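Colleague: build me a model:
(chains A and B)
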Amino acid sequence: MGTLFRSEQMTLCQLFLQSEAAYTCVSELGELGLAMFRDLNPDVNAFQRKFVNEVRRCDEMERKLRFLEKEIKRDKIPMLDVGDNPEAPQPREMIDLEATFEKLENELKEVNTNAEALKKTYLELTELKHILKKTQTFFDEMQESGMGDDSTHLLGDEGLRAGGQAPMKLGFVAGVILRERLNSFERMLWRVCRGNVFLRQAEIETPLEDPTTGDNVYKSVFIIFFQGEQLKTRVKKICEGFQATLYPCPETPADRREMIGGVVSRIEDLNTVLSQTTEHRHRVLVAAAKNIKNWFVKVRKIKAIYHTLNMFNLDVTQKCLIAECWCALEDLDRIHNALRRGTERSGSSVPSILNRMETKETPPTFNRTNKFTRGFQNIINAYGVGTYREVNPAPYTIITFPFLFAVMFGDAGHGLLMTLFALWMVLKEKGIIAQKSKNEIFNTFFNGRYIILLMGLFSIYTGLIYNDIFSKSINIFGSGWRVNKIGPYEKDITLDPVHNYTGPYPFGVDPVWQISENKIVFLNSYKMKLSVILGVGQMLFGVILSLWNHRYFKNYLNIFCEFIPQIIFLLCLFGYMDILIIAKWIKYSGADSGCAPSILTAVINLCMFSFTKIENCPDFYVGQEYVQKALMIIVIVCIPWMLCLKPYILVRQEGKKKFLIRATQENNSNQKDEHSGDQVNDVAVTIDGGHSMGGGHGEHGEEFDPMNTCIHQAIETIEYCLGSISHTASYLRLWALSLAHAELSEVLWSMVMKIGLQKRGVWFTGGIIMYFIFAFWAVLTVGILLIMEGLSAFLHALRLHWVEFQSKFYKGAGYIFQPFSFEIILDEASAEES
Amino acid sequence: MAHSFVVWLVFTLLWGAIGGVLPLFIPRSDNRGIVQVMVITTAVCCYVMWLATFLSQLNPLQGPQVSDVTQLLMSKNWNS
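Modeller: Numbers count the residues shown, from 1 in each chain, chains lettered A, B, ... in the order given. Okay, here's the model as predicted:
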């Protein structure tokens, strides 16, 4: 029976797998995803395990695949993800895969290095081309100005006259430099050479691609004229420092022309080679892109299998592997089947054996969920994973969580919007899952779609009860309140509950309250009482669930020493309060409103052992004073009952046990060789056995410590008694949040929508203004009232469940069942990627 | 009073039927128990909520305070 009420019954199994069949068996179990393997060699280093080599090979393959993926992404080739799920390949196929990946990687690397070298040459050639072209203009200019003669001095005629030497040859270097470096480069040259050089530059308009980074960079061509060898070395050094590339530039125009022709033709050749290289690379990558997802799945599966195999033990003969796993009792058949399939696939003749084992260890907690219940179970697990076989709050939370949310969020209009949104997600479920949205916020909402759906539906219900639809009421059944038909009407009158009232509105709050001035007074009193009634009800339910726990674990001591006083305590204090609330509603009417007792005063009096009478009025009921005093005495009696009885009984039991053990030991020593002590002996053995076997796990083997037990019980008692008072008060958040929500939505209406509705103008302006005002109102409604208020109500509902409800019965001290499942592993891996 | 009693009876029977009878007709499946618990919890929650609202208005101790405009509109539109 796959129910959610308690976690599944688990069993520890021992698997004997033939070494040749182990791989396929584990692969089958991984597909099944129902067994949680235990690490049988926890003290063995990860590098000393049996299949460490295989794991390493898988890592290597994964690295290669990631490299491939990176290259594919760089070329923006779409990766085919058909979502198919190939089976884990046989171990022998691993070699093929490895070879394929190796080949691909090498090919790609080779292509990449080639392409890089080619690109570098290409860059150099283009730069050279630019230099030749640009410098040509410089040389031309010189020629035009009559200084084309190489023997012209920098200083012109003046220099010639001054020096009187023979004309010296003017040297030059040409090169290319990053444009942003040009200014400082020029300054440096000027300073170092003391102005004795002459620099001309021209920008290269088209950006050039940097072969190492692939970025586009802007560069400039420069040419420097200087005189003499010394300056030449200096200039060259500066060029080096600024990472400018220098290119040889022939001095005569004819040589330059010839060179430019050569360069252009080489560039053309290079272009064809380069395009062929990229095409080849593209072809390789496109072929890889088709399979890469598939390969990833395969490699990850292999790796997961070897990781699991590493947790197994080798038996003495080295012929089979021994594994231990937790699995649900119900799934044993399916696991058997998977093992059989695995053995068949491997072709092994010896079947794999599965043994159930007895253990004292606490099994993991496994709650089988479906897509509907998963969200709710996650809410519970977020607080704490349930103790094994403990009552699971999830089935009750499915309804109470959305309901308490709706009590705080009560507005049918907002609820309707929420329902429609959730309904869209539920109906388009498959499409949305297939899209694999990466938007984290949307995914959070999407995973909680069924919770949101129920929250929306309950909000519609509570909204109708509160008679709140976007802060407006509807009058379906006819209000119970009447006003005098004859005018004139006074400014503000309070309708008389005796004469102006015909009867309660059959469903929800009377619409008259929405338009009355003292609406808040009525709603506060009503919502506070409603919150307390709901809160006490839920806490009571929680305490009753603890009875199911005690009964299931056969902990009868807890029933008498905890459950019974707890429930009496709660009923006498807050159950009584609820009864008072309801009785006051029924008993007192507008005619005797003066005699209606205040509930708060009544409860305070109850706790103070006092009693106040209202003058000229009868008591609430006959003997109220005595009943209340009796209730309080019972409440006070419950406290020592909870506090002392259990530790006392435990201490006495322990004393008896010790006495028994001592007695048997004495017996043994007295009658060592006789058999008469057998019966008592057994008892001692079982007690000892219990201690040694459960060692280190849970409470089984712990030494009994009376002090510890007393302290534990005292804490629990104080927590419960104070808790039930503070928790009752805590449920008032239902009132507070619902009030806040209703008020906010009313303020929004009267501050925004009302302005638009009251606008008067020419026949069409009002409509246009209304158009924008409605948009503003709608945005604020969704943004503030639906999302923000929704989140806050969600949080408070969460708190009410985690603290107020679950503290009554839920320990949450278990550990979760994490089956070995390919599905989970692959999901995690793909989540990591993104 | 008789009118109130009838209203009370109708809603009690309605939610009683949903919470007490409907669970018996849930088709058998793995999740039958969960669906039953859901139906019963829904009925209890909704009934308690309705009942509290109904009872709190059964014998009002105080009437609504209404302005003159509201009075006029109420007597025009609601007093049929």
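
Colleague: contacts only, for the residue positioned nearest the centre of chain B.
Modeller: Nearest to the mean C-alpha position of chain B, by Cα atoms, centre = their mean, lies B:Trp50 at 3.5 Å. For B:Trp50, the contact set (Cβ atoms under 8 Å, 6 or more residues apart in numbering or on different chains) comprises A:Ile465, A:Phe507, A:Gly508, B:Phe11, B:Trp15. The way it works is simple: take the backbone N, C-alpha and C, and place the C-beta from them, glycine included.

Colleague: helix/strand/coil for it?
Modeller: helix (DSSP: H, G, I helix; E, B strand; the rest coil).

Colleague: show me the shaky parts of the stretch 151-300 of chain A.
Modeller: Where the stretch 151-300 of chain A drops to pLDDT under 70, the residues are A:151-169.

Colleague: which SSE is whichever residue of it sits closest to chain B in?
Modeller: At 30.3 Å from chain B, A:Val297 is the closest residue in the stretch 151-300 of chain A, using Cβ to the nearest Cβ. Here A:Val297 sits within helix A:253-309, counting by DSSP states H and E.

Colleague: confidence-wise, which helix or strand of chain B is lowest on average?
Modeller: None of the helices or strands of chain B scores lower by mean pLDDT, DSSP states H and E than helix B:68-77, at a mean of 85.

Colleague: right, and the residue of the stretch 151-300 of chain A closest to chain B touches A:Glu87 too?
Modeller: No: under the criterion of Cβ atoms under 8 Å, A:Val297 is not in contact with A:Glu87, lying 9.5 Å apart.

Colleague: looking at those two, which has the bigger crowd around it?
Modeller: Using other Cβ atoms under 10 Å in any protein chain shown as the criterion, A:Val297 and A:Glu87 rank with A:Val297 on top: 21 against 15.

Colleague: what's the most distant pair in the contacts of B:Trp50?
Modeller: The most widely separated members of these, counting by Cβ to Cβ, are A:Gly508 and B:Trp15 (14.4 Å).

Colleague: with neighbour numbers in mind, choose between the two.
Modeller: Set A:Gly508 next to B:Trp15 and count neighbours by other Cβ under 10 Å: A:Gly508 wins out with 24 against 19.

Colleague: so the more buried one, which of the three states?
Modeller: Under three-state DSSP, the three-state class of A:Gly508 is coil.

Colleague: and for A:Leu80?
Modeller: coil.

Colleague: now it: closest residue in space that isn't a chain neighbour?
Modeller: Excluding the flanking residues, the one nearest A:Leu80 by Cβ to Cβ, 6 or more residues apart in numbering or on different chains is A:Lys290, at 5.2 Å.

Colleague: hang on, the one you found packs against A:Val82?
Modeller: No: counting by Cβ under 8 Å, A:Lys290 does not reach A:Val82; the two are 9.7 Å apart.

Colleague: between those two, point out the one with more neighbours.
Modeller: Legend: neighbour count by other Cβ under 10 Å for A:Lys290 and A:Val82, higher for A:Lys290 (14 against 8).

Colleague: residue boundaries of the strands in chain B?
Modeller: Here chain B has its strands, by DSSP state E, at B:65-67.

Colleague: so A:Ala736 is in which element?
Modeller: With DSSP H and E as the test, A:Ala736 turns up in helix A:733-748.

Colleague: that helix and chain B in contact?
Modeller: No: in terms of Cβ under 8 Å from any Cβ of the partner chain, no part of helix A:733-748 sits within range of chain B; the closest distance is 10.8 Å.

Colleague: next one, pLDDT for the one residue in the stretch 601-750 of chain A that gets nearest to chain B please.
Modeller: As assessed by Cβ to the nearest Cβ, chain B sits closest to A:Leu734 within the stretch 601-750 of chain A, at 10.8 Å. Looking at A:Leu734, its pLDDT reads 96.

Colleague: could you check how far the residue nearest to it when sequence neighbours are not counted is from A:Gly537?
Modeller: Once flanking residues are discounted, A:Leu734 sits nearest to A:Ser531: 3.8 Å by Cβ to Cβ, 6+ apart. Distance check for A:Ser531 against A:Gly537: by Cβ to Cβ, to the nearest Å, it reads 11 Å.

Colleague: among these two, which residue is more densely surrounded?
Modeller: Taking other Cβ under 10 Å, A:Ser531 and A:Gly537 do not tie; A:Ser531 has more neighbours (25 against 18).

Colleague: the more buried one: what's it in contact with?
Modeller: Contacts for A:Ser531 (Cβ under 8 Å, 6+ apart) come out as A:Val407, A:Tyr731, A:Leu732, A:Arg733, A:Leu734, A:Trp735.

Colleague: which among those residues end up buried?
Modeller: Neighbour counting over the contacts of A:Ser531 (16 or more other Cβ atoms under 10 Å in any protein chain shown) leaves A:Val407, A:Tyr731, A:Arg733, A:Leu734, A:Trp735 as the buried ones.

Colleague: quick one: name whatever helix or strand follows the helix or strand of chain A with the lowest mean pLDDT.
Modeller: Scoring the helices and strands of chain A by mean pLDDT, DSSP H and E places helix A:678-693 at the bottom, with a mean of 41. Following helix A:678-693 in sequence order, the next helix or strand is helix A:706-730 (DSSP H and E).

Colleague: count the neighbours of the residue in the stretch 201-350 of chain A positioned nearest to chain B for me.
Modeller: In the stretch 201-350 of chain A, the residue that lies nearest chain B is A:Glu330 (10.6 Å; Cβ to the nearest Cβ). A:Glu330: 16 surrounding residues under other Cβ under 10 Å.

Colleague: same check, this time on A:Gly766
Modeller: By other Cβ under 10 Å, the residues close to A:Gly766 number 15.

Colleague: how about A:Ile568?
Modeller: If you count neighbours by other Cβ under 10 Å, A:Ile568 ends up with 18.

Colleague: how close does it get to A:His712?
Modeller: Computed as Cβ to Cβ, the A:Ile568 to A:His712 distance reads 21 Å.

Colleague: same thing with A:Phe609?
Modeller: A:Phe609 is 31 Å from A:His712, where distance means Cβ to Cβ.

Colleague: equivalent analysis for A:Ala287, please.
Modeller: A:Ala287 sits 67 Å away from A:His712, taking Cβ to Cβ as the criterion.

Colleague: contacts only, for B:Ala43.
Modeller: With Cβ under 8 Å, 6+ apart, B:Ala43 has these contacts: B:Trp15, B:Gly16, B:Ile18, B:Gly19, B:Gly20, B:Leu22.

Colleague: quick one: pLDDT of the fourth one?
Modeller: If you check B:Gly19, the pLDDT there is 94.

Colleague: contacting residues for A:Glu517?
Modeller: A:Asp492, B:Pro64, B:Gln65, B:Val66, B:Ser67.

Colleague: so how far is A:Lys491 from it?
Modeller: Taking Cβ to Cβ, one finds A:Glu517 at 11 Å from A:Lys491.

Colleague: which residues are in contact with both of these two?
Modeller: Common contacts of A:Glu517 and A:Lys491, defined by Cβ under 8 Å, 6+ apart, comprise B:Ser67.

Colleague: for the stretch 601-750 of chain A, which spans come out with low pLDDT?
Modeller: Where the stretch 601-750 of chain A drops to pLDDT under 70, the residues are A:671-703.

Colleague: chain B too?
Modeller: B:1, B:79-80.

Colleague: all helices of it, in order?
Modeller: B:2-16, B:32-56, B:68-77 (DSSP state H).

Colleague: element containing A:Glu31?
Modeller: Using DSSP H and E, the element containing A:Glu31 is helix A:19-32.

Colleague: can you give me the buried ones in stretch A:630-649?
Modeller: Of all the residues in stretch A:630-649, those buried under the rule 16+ other Cβ under 10 Å are A:Leu631, A:Met632, A:Ile634, A:Val635, A:Cys638, A:Trp641, A:Met642, A:Leu643, A:Leu645, A:Lys646, A:Pro647.
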